[in-house]
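In: okay, predicted coordinates and the sequence, questions at the end:
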Amino acid sequence: MEIPPKSPDGSEKSPQSKELLTSNTASTLCISSRSESVWTSASRSKWDIYHKPVIVVSVGAAIFLVGTVITSLSCFLTENKNVYKMCGPAFLSLGLMLLVCGLVWIPIIRKKQKQRQKSQFLQSLKSFFFNR
């Protein structure tokens with residue numbers, strides 16, 4: 001392990017520490033770490049809240065249906081039967097995984113929304129009593 005040379009008076013800093021001091025990554029990381037602030041009270045539509053899980057559920061259902069079709073093709077078609085038997089269950093499992101993840105995501109969002117509403121109510125109640 002190599003120690004960088006120090007100046008005699010110790011006032012000069014290494015280039016690495018200068019780079020760390022001038023970097024804005026810490027401030028941008030803190031700003032971008034939360035997509036929504038507790039202080040913003042702008043109401044959002046249901047689509048804005050639930051669009052990601054709805055898309056995941058839709059894509060999962062579509063992939064699951066494609067897997068069902070491919071798996072059923074292995075029963076009816078004789079050529080490339082091994083390919084259908086390998087790809088069909090893969091699509092089935094991937095589709096089912098996305099479908100379940102999306103369906104579990106929706107109650108989680110609902111619970112967060114209820115907690116956020118309670119938090120905003122308590123904040124307004126607190127500000128009412130302490131600002132008098």
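Out: In hand now; what should we look at?

In: next secondary structure element downstream of the worst-scoring helix or strand of the chain on mean pLDDT?
Out: Across the helices and strands of the chain, mean pLDDT, DSSP states H and E gives its lowest value to helix 25-32, namely a mean of 49. Sequence-wise, the next helix or strand downstream of helix 25-32 (DSSP states H and E) is helix 46-76.

In: show me what the helix or strand just after that following helix is packed up against.
Out: Tracing the chain C-terminally past helix 46-76 and defining elements by DSSP H and E, one meets helix 81-130 next. The contact analysis (3 or more CB pairs under 8 Å, 6 or more residues apart in numbering; DSSP states H and E) places helix 81-130 against helix 46-76. Quick note: C-beta positions are derived from backbone N, CA and C, even for glycine.

In: now do the helix it packs on, average pLDDT.
Out: Averaging pLDDT along helix 46-76 yields 93.

In: mind listing what's buried in that helix?
Out: Neighbour counts over helix 46-76 (16 or more other CB atoms under 10 Å) mark 50, 53, 56-57, 60, 63-64, 66-67, 70-71, 73-74 as buried.
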